[in-house]
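sequence? don't have it. structure:
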């Protein structure tokens, strides 16, 4: 199994966006990061300004992979290999802090320490030992080091890193005095006053909802959009607590893509009452779809 958990989430539901009103020709950049295709659509900028932004955006995406990739040498790969990461970068510390907030708000439904359990399920291995390694409370960090409290523990940020990357690109665009930008990194992040129409579909391709996205982020997760296990019979989304089977499709909008990303992942394995409570912890976040 070489495909990351977050890549499954990217493929599991589609959120296709386009400008409601066309203006001057858009400047478009396409690439890949964290196992997903990335598209940047910039409106109202000249070619020179766009090239400068796209070059810095590409560097930022490489830095994201150097921090969080599971499939190349990265800070996260070193942490998982040894259980200890000295002198973590600012992005790693920030994502750990955000993950902790998500873990607390969702009652453990969002838990980056799920990686050993996910791998066991994907490979058709017994899950009891792996489930015993899932415990976010055993992860500690400060500016000097990150430590995993049990041998064999491993983290994945594939439930939030693509949203994190989208937010970083939005920050770079703002620093370049750019507006009217749509970032598609598996999650959608709209920057500026332009309205973008978003159509959210389930894994079967059936349109579930249309909505307008303006200076806001949208993330979707679908339980059976991709299946894992030796016979492809299991959902790629699992409950770290072992409590429930996932909903079919969830969509969340938020001021930041990382929040929409993490919450849509967690809400797949939460009941409606718990979802409503979690939303009170994050200003401006909204459940858009809870289907199946």
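All right, it came through fine. Everything numeric in this text was worked out from a predicted model, so none of it was measured.

Tell me which residues of the strand or helix carrying residue 274 come out buried.
Using DSSP states H and E, residue 274 sits within helix 272-279. Of the residues in helix 272-279, 274, 275, 278, 279 count as buried by neighbour count, 16 or more other Cβ atoms under 10 Å. Placement of C-beta: from N, CA and C, glycine included.

all helices of the stretch 1-150 of the chain, in order?
Shown for the stretch 1-150 of the chain, the helices assigned by DSSP state H, counting those that start in this stretch span residues 5-12, 47-68, 75-82, 90-105, 115-122, 128-131.

Which pLDDT value does the model give residue 68?
At residue 68 the predicted local distance difference test score is 97.

so what's it up against?
Counting by Cβ atoms under 8 Å, 6 or more residues apart in numbering, residue 68 touches 34, 74, 75, 76, 91, 92, 95, 157, 161, 164.

out of those residues, who's nearest residue 85?
Nearest to residue 85 among these: residue 75, at 5.8 Å, using Cβ to Cβ.

before we move on, back to that, who does the very next helix or strand once past the helix holding residue 274 pair up with?
Moving toward the C-terminus from helix 272-279, the next helix or strand (DSSP H and E) is strand 286-291. Counting by DSSP bridges, the strands paired with strand 286-291 are strand 249-254 (antiparallel).

mean confidence score for the partner strand?
Here the average pLDDT along strand 249-254 is 94.

how about that strand: buried residues?
Using 16+ other Cβ under 10 Å as the test for burial, strand 249-254 gives 249, 250, 251, 252, 253, 254.

Mean pLDDT lowest where, among the helices of the stretch 1-150 of the chain?
The minimum mean pLDDT among the helices of the stretch 1-150 of the chain belongs to helix 5-12 (a mean of 33).

ok, residue 93 touching residue 143?
Yes: contact criterion Cβ atoms under 8 Å: residue 93 and residue 143 qualify, at 6.8 Å.

So these two - more neighbours on which side?
For residue 93 versus residue 143, the count of surrounding residues by other Cβ atoms under 10 Å is larger for residue 93: 14 against 9.

before we move on, back to that, other residues contacting the helix holding residue 274?
For helix 272-279, the external contacting residues (Cβ under 8 Å, 6+ apart) are 105, 106, 107, 109, 263, 266, 267, 270, 285, 286, 287, 290.

Can you report how many residues neighbour the second one?
Residues contacting residue 106 under the criterion other Cβ under 10 Å number 24.

ranges for the helices of the stretch 151-292 of the chain?
For the stretch 151-292 of the chain, applying DSSP H, counting those that start in this stretch gives helices covering 161-175, 257-267, 272-279.

average pLDDT for the shortest one?
Model confidence over helix 272-279 averages 96 on the pLDDT scale.
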